[in-house]
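Q: what follows is a predicted structure for the sequence shown.
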Amino acid sequence: MHLSRLLFGAALFLPFACDSGEQPKIGLPPARAADGADAPKVPGPPPRPEQAAAAPATASAAGRYVATALPKHSADLSPRMSGALTDVLVEEGERVKKGQLLFRLDARASRLGIAQAEAALQGATISRDNAERELERQRRLAQSGSISAAVLERAEHAFTAASNGISQAEVALSMARRNSGDSTVVSPIDGVVTKKLKHVGESVTMMPPTVVMVVQDQSVIELRARIPEAALKTIREGQTITAHFSALELARSAKVVRIQPTVDPQTRTIEIVADVDNADNLLRPGMYVEVELAPPAAAVAAAPAEAGKEQPVASAKRKRPSGAGGPL
């Protein structure tokens, strides 16, 4: 009787278990120790160093700081008068000397201005001479009492005005000649032409200035870098640091020539300026460069090498005593 009731209850419960949608999970039983307890988990081997993700190198950790490479001197050359270019005598990449003629503008208007100023000076000279003769005549008449003092005074004023006209005409002539000289532009420095922006026949203006070409002195490359203010404890003007040019796989010594007097309050950095010699013309402005606040490794290694040089020792062969034979 009891068995039949149990079978009847199991039959009633079976549909509900099937409708629940849960599937029985099949898996291996957990491993057990010899005494029946669960086996403890054994930690795996630690990851190898090369498998661990490397931390990104920072400027402070590496001791290097990105710098800007600039030419020591640069000149944007513009005309000193407006007009059309008649000659451009150099090309990009060409080396020029200080005082070398670079380009020339149409100077016909300037030459006409000189001729006009010369003619004005001649006219002013004639007027002055006529006023001088008239003044002498009026003085003689005034001595004889033929004219009044007012007439003589007017003659003196005319002579003074004519003399002032001479001075004005001379100044105008000087300005015209100077304007004629402004039609040519020469290089203010020794360097190389890095840009040529205008060509023969193009019109250029003095205001606003039209840049015709750019000349740079690249014999020395100027490096500008911002370093943390904490580095002020170790950096000094005149100190030698290292500049790394990654594109050329080249490291060169640089001399700190200036440390800016103020610290940026937002970034807490200060700018330093260093010069790198570029006599071989391998370096270029705009290259990617990093500065290291330490002298080059070769210079550091040279000092211990010099200190570690041994003095020349005496000959390894000792003088053999008289009468003794065989090796010592």
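A: Received, thanks.
Q: who are the contact partners of the nearest residue to Val96 once chain neighbours are set aside?
A: Using CB to CB, 6 or more residues apart in numbering and skipping residues adjacent in sequence, the residue nearest Val96 is Ser187, 4.6 Å away. Placement of C-beta: from N, CA and C, glycine included. Neighbour list for Ser187: 75, 77, 96-100, 102, 215 [criterion: CB atoms under 8 Å, 6 or more residues apart in numbering].
Q: distance of Ser187 relative to Val88?
A: Computed as CB to CB, to the nearest Å, the Ser187 to Val88 distance reads 13 Å.
Q: shared neighbours of those two, which are they?
A: Common contacts of Ser187 and Val88 (CB under 8 Å, 6+ apart): Leu102.
Q: mind checking the longest strand of this protein?
A: When the chain is parsed with DSSP state E, its longest strand is strand 213-228.
Q: in the contacts of Ser187, find the pair that's most separated.
A: Leu77 and Lys97 (14.4 Å; CB to CB).
Q: the more surrounded of the two?
A: The neighbour count for Leu77 versus Lys97, taken as other CB atoms under 10 Å, is higher for Leu77 (20 against 10).
Q: what's across from that one in the sheet?
A: Taking DSSP bridges as the rule, Leu77 bridges to Met213.
Q: check Arg258 too.
A: Assessed by DSSP bridges, Arg258 has beta-bridge partners Val273.
Q: and it, what is it in contact with?
A: Contacts for Arg258 (CB under 8 Å, 6+ apart) come out as 237, 272-273.
Q: any of the residues you listed buried? List them.
A: Listed as buried from the contacts of Arg258 are 272-273; burial here means 16 or more other CB atoms under 10 Å.
Q: which one of the contacts of Arg258 is nearest Pro209?
A: Nearest member of those to Pro209, counting by CB to CB, is Val273, at 27.3 Å.
Q: against Lys255, how distant is that closest one?
A: Applying CB to CB to Val273 and Lys255 gives a distance of 10 Å.
Q: mind checking what secondary structure Ile126 has?
A: helix (DSSP: H, G, I helix; E, B strand; the rest coil).
Q: any idea how far Leu112 is from it?
A: Look at Ile126 and Leu112: by CB to CB, they are 22 Å apart.
Q: flag the shaky bits of the stretch 201-328 of the chain, pLDDT-wise.
A: Where the stretch 201-328 of the chain drops to pLDDT under 70, the residues are 297-328.
Q: can you pull out the strands in it?
A: Under the criterion DSSP state E, counting those that start in this stretch, strands of the stretch 201-328 of the chain are mapped to 203-204, 213-228, 240-245, 250-259, 269-277, 288-292.
Q: which one of those strands lies closest to Ala84?
A: In terms of CB to CB, the element of the strands of the stretch 201-328 of the chain nearest to Ala84 is strand 203-204, at 5.1 Å.
Q: note down every partner strand of that closest one and its orientation.
A: According to DSSP bridges, strand 203-204 has the following sheet partners: strand 83-88 (antiparallel).
Q: just want the angle from the strand it pairs with to strand 213-228.
A: Here strand 83-88 points in a direction 90 degrees away from that of strand 213-228 (axes from the mean of the first three to the mean of the last three CA atoms, to 10 degrees).
Q: bridge partners for Leu85, pull those for me.
A: Leu85 forms beta bridges with Leu105, as assigned by DSSP bridges.
Q: give me the neighbour count for it.
A: Around Leu85 there are 19 other residues, counting by other CB under 10 Å.
Q: cool, Glu170 as well?
A: Residues near Glu170, counting by other CB under 10 Å, number 15.
Q: just Pro208 next, same as before
A: For Pro208, the tally of surrounding residues (other CB under 10 Å) stands at 6.
Q: then Gln216?
A: Neighbours of Gln216 (other CB under 10 Å): 19.
Q: need the strands for the stretch 1-150 of the chain, in chain order.
A: 64-77, 83-88, 95-96, 101-105.
Q: closest to Gln168 out of the contacts of Arg258?
A: Distance to Gln168, by CB to CB, is smallest for Val273 among these, at 49.6 Å.
Q: who are the contact partners of that closest one?
A: Neighbouring residues of Val273 by CB under 8 Å, 6+ apart: 222-224, 256-260.
Q: selection in PyMOL covering whichever of those residues are buried, please.
A: Buried residues among the contacts of Val273 (16+ other CB under 10 Å), as a PyMOL selection:
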select buried, resi 222+223+256+259
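Q: and which of the contacts of Val273 is nearest to Val211?
A: Taking CB to CB as the measure, Val211 lies nearest Glu222 of those, at 21.0 Å.
Q: touching, that closest one and Leu70? I think so.
A: Yes - under the criterion of CB atoms under 8 Å, Glu222 makes contact with Leu70 at 4.6 Å.
Q: circling back: which one of the strands of the stretch 201-328 of the chain lies nearest to Gln122?
A: Nearest to Gln122, of those and by CB to CB, is strand 203-204 at 33.4 Å.
Q: and the contacts of that closest one?
A: Strand 203-204 is contacted by residues 78-79, 82-85, 105, 198, 210, 212 when judged by CB under 8 Å, 6+ apart.
Q: filter the contacts of Ser187 to the buried ones?
A: Judged by 16+ other CB under 10 Å, buried ones among the contacts of Ser187: 75, 77, 96, 102, 215.
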